[in-house]
Structure formats: structure tokens, C-alpha cells
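**Student:** From the sequence below, what's the structure:
(chains A, B, C and D)
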2 protein chains.
Amino acid sequence: MSRAATTTDVFNAIAESRRRDILSLLAGQERPVGDIVDMLGMEQPSVSKHLRVLRDVDLVRVRREGRQMLYRTNAEAIRPLHEWAGGFKQYWRHQLQRIKERAEEKGPPFPKEK
Amino acid sequence: MSRAATTTDVFNAIAESRRRDILSLLAGQERPVGDIVDMLGMEQPSVSKHLRVLRDVDLVRVRREGRQMLYRTNAEAIRPLHEWAGGFKQYWRHQLQRIKERAEEKGPPFPKEK
DNA sequence: TAGACATATTCCCATATCGGAATCTATTAT
DNA sequence: ATAATAGATTCCGATATGGGAATATGTCTA
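**Tutor:** Okay, here's the model as predicted:
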């Protein structure tokens, strides 16, 4: 087997830094492809290709307006990623703070035993 | 150019699901390679190779104990990822809650204008 | 010293990239 | 209808992958 397709899931899609750049640019702000090209200094075909990947995993949504295609980030799709990473919080927090959290939360997000 | 190496950064390293499985398994719990092999049902060489990638981006730390290699997740390395994703919070929260946050926070994490 | 045991590395290969160049499609303007 | 504009897609080539199989390395034991 080879590496999983970039369109497999959000994790694979955001591995590319230019795609993360695009997501940040389109967060809360709808924009046509041309703007992305200008703002990020990339080739138009390249941007279109990245947008295609992001669209396939629903990280961005599109809407046509005349001859322009208006893209915007679908932040909801980033949430699972945030939550996955958040599961490790208890392991990076300081010991003291961790203890406090133990008391507040029910249990650890990952199994600790076999 | 081709796809960036999996060892380029944390984003590329965690794109592979088996590697995420390994990270969860080793979170807060040091374990030898053999345990990972047994618990995740993977081939030993495969596990070693994934661990090598995770090690290269400092997502796991190792320590030798006799003939065993004890690995554990370095949660700190996952933090940047959590923070990057967290930057989109304001865009996925409900409008009402978002307004409340606007008042508490200074500003948005991403530029909204050109 | 010769195993045995736990891991790591190398080799092979089918696959999926990403950028660049060229081309195609859709919509608007003349 | 024809041209112009905005994007999308296709074709190319160099590269990195991940699994499987085989082999190598390092440590402990008899």
C-alpha cells in the first residue's frame, strides 16, 4: 500500500501547509479563487487543486457568483481534529493543574491499560 | 516536487491513522514495541517504522531498558496542532456564544482583510 | 561464545502525490 | 457568435510513501 490519499480525511488534507494557509485565509471570510492566488502568491491551477482536496473532505464550501467561485472555510470540519488533539491535554498540562482536572473530569480519553 | 515527507512536521506525521493509534496508546503510558504490536495487531517492522517517523518529529520519546525500547508520547508536541485548530473555534461556535467571546477576547487569530 | 530475544533497517513495488504547462469549461461582455 | 475572464482539469515527472519479506543490530542468557 502507499500513503493514504489526501482526500481520505481531514488529517491527511491539512498535512499540506499551503492548504492550511488557504483555510486560515478563508476562515469567516468568503473569497474568490483569484484572491487566494494573489494573497498567497501561488499559481492558479495549484490553488484550484488544493481547493479541490479541501472540498472533498468538506473543509471548504463553494458557491458560484457569476464567473467567480466563492470559497469559505467550514470550521466545523476542523473540530474533530481539535478534539483529537485536545484528548492529550491532560498529558501536557503541569502535574499540579492535571490533578485539579482529574477531579473535575470523569476520566481519561484514552485507555491506559491493556 | 512531491508530497512533503511524513517527517516534515507534526501535521504530516499524524496524517497516518496507525500513527495516531500509536500516539493514543503511548499517551501517559510508557510501553515497549512488542506491546504496541500485540495491542494494535500490526507487524513489528511496521510499528518500528511508524515509531521512527514519530520520533523524528519528537512526537514520542524513547528510552532503552535492557533489550526493550520503551516509548511514550510527548504530548507537548501535539499542542501546536491543538492550538492551530483552536484558532478556528470562533468560526464554529454558535453566533450567540461567539458574540460573548468577542467581548472577552482581544481579536481574531487570522487576518480578515487583505 | 553461541544462541535467543527485542527492535531496527533495507529492499522492493504499487500508489498518490505536488508543481508546472497546457488545455478545457462556464459565464459575461461586445 | 466571438472574445475575454475566472476556474477547473489533465498530463507530465520526480519523489516519498507504507506494507511485506528478509536481514541486520544490540542485549541478555546458557
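**Student:** quick one, longest helix in chain A?
**Tutor:** Counting residues, the longest helix found in chain A (DSSP state H) is helix A:44-56.
**Student:** Do you know the pLDDT at the one residue in chain A that gets nearest to DNA strand C?
**Tutor:** Residue of chain A nearest DNA strand C, by C-beta to the nearest atom of the strand: residue A:2 (3.0 Å). The way it works is simple: take the backbone N, C-alpha and C, and place the C-beta from them, glycine included. Model confidence at residue A:2, given as pLDDT, is 82.
**Student:** Other residues contacting the longest helix of chain A?
**Tutor:** Contact with helix A:44-56 is made by A:6-7, A:13, A:16, A:18-19, A:22-23, A:33-34, A:36-37, A:40, A:60-62, A:71, as judged by C-beta atoms under 8 Å, 6 or more residues apart in numbering or on different chains.
**Student:** Give me the mean pLDDT for the helix or strand that that helix is followed by.
**Tutor:** Once the chain leaves helix A:44-56, the next helix or strand it forms, by DSSP states H and E, is strand A:60-65. What strand A:60-65 shows for mean pLDDT is 97.
**Student:** so residue A:58 makes contact with residue A:74?
**Tutor:** Yes. Counting by C-beta atoms under 8 Å, residue A:58 sits close enough to residue A:74 to count as a contact (5.8 Å).
**Student:** between the two, which one's more packed in?
**Tutor:** The neighbour count for residue A:58 versus residue A:74, taken as other C-beta atoms under 10 Å in any protein chain shown, is higher for residue A:74 (21 against 12).
**Student:** Can you tell me which residues in chain A are near DNA strand D?
**Tutor:** If contact is defined as C-beta under 7 Å from any atom of the strand, the residues of chain A in contact with DNA strand D are A:1-4, A:32-34, A:37, A:44-45, A:47-49, A:51-52, A:62, A:67-69.
**Student:** Quick one, which of the residues you listed are buried?
**Tutor:** Restricting these to buried positions leaves A:33, A:37, A:47, A:51, with burial counted as 16 or more other C-beta atoms under 10 Å in any protein chain shown.
**Student:** Among these, give me the pair with the biggest separation.
**Tutor:** By the measure C-beta to C-beta, A:37 and A:51 form the most distant pair in those, at 10.7 Å.
**Student:** now the longest helix of chain A against strand A:60-65, angle please.
**Tutor:** With axes from the mean of the first three to the mean of the last three C-alpha atoms, to 10 degrees defining the directions, helix A:44-56 sits at 120 degrees from strand A:60-65.
**Student:** quick one: helix A:44-56 near DNA strand C?
**Tutor:** Yes. Applying C-beta under 7 Å from any atom of the strand, one finds that helix A:44-56 is in contact with DNA strand C at A:45, A:46, A:49, A:50, A:53.
**Student:** For the residue most central in space within chain A, which non-adjacent residue is spatially closest?
**Tutor:** Of all residues in chain A, the one closest to the mean position by C-alpha atoms, centre = their mean is residue A:78, 4.3 Å from it. The spatially closest residue to residue A:78, leaving aside those adjacent along the chain, is residue B:88, at 4.7 Å (C-beta to C-beta, 6 or more residues apart in numbering or on different chains).
**Student:** show me the residues around that neighbour that make contact.
**Tutor:** Taking C-beta under 8 Å, 6+ apart as the definition, contacts of residue B:88 comprise A:23, A:27, A:73, A:75, A:78, A:79, A:82.
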